[in-house]
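Undergrad: structural data only, the sequence is not supplied:
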């Protein structure tokens, strides 16, 4: 769980790939990542945002982006080579849109 947390927080604002996460964490199955990932959303640790499409099936197939509830926490915990200011700004915009609207893409 700790490694998955670090991986998610280090990649805010980037498309989520279960296969890539499985490989990064040396897990045996993509299903393991799929089972663990929703636990983060339930504890309000992070959120995922789907990409818009008029087709519901396309919405489920397209990669989602991950956003953190607290960018300060991300700066303290996440591993990063650069400041990633664009990703932090995107995360802040996401949080503001989430406060204002029920459904966003």
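TA: Alright, I've got the coordinates. Keep in mind the model is a prediction, meaning the values are calculated, not measured. Numbers count the residues shown, from 1 in each chain.
Undergrad: make it CA atoms for all contacts and neighbour counts henceforth
TA: Fine.
Undergrad: surely residue 19 and residue 32 touch.
TA: No: the criterion here is C-alpha atoms under 8 Å, and residue 19 misses it with residue 32 at 10.4 Å.
Undergrad: higher neighbour count, these two?
TA: Each of residue 19 and residue 32 has its neighbours counted (other C-alpha atoms under 10 Å); residue 19 has more, 15 against 12.
Undergrad: which secondary structure element contains that one?
TA: Using DSSP states H and E, residue 19 falls within helix 18-25.
Undergrad: name the helices or strands packed onto whichever helix or strand comes after that helix?
TA: Elements were assigned by DSSP H and E; along the chain past helix 18-25, the next helix or strand is helix 30-42. Applying 3 or more C-alpha pairs under 8 Å, 6 or more residues apart in numbering; DSSP states H and E, one finds that helix 30-42 contacts helix 18-25, strand 46-49.
Undergrad: quick one, the first one and helix 30-42 angle?
TA: Between the axes of helix 18-25 and helix 30-42, defined by axes from the mean of the first three to the mean of the last three C-alpha atoms, to 10 degrees, the angle is 100 degrees.
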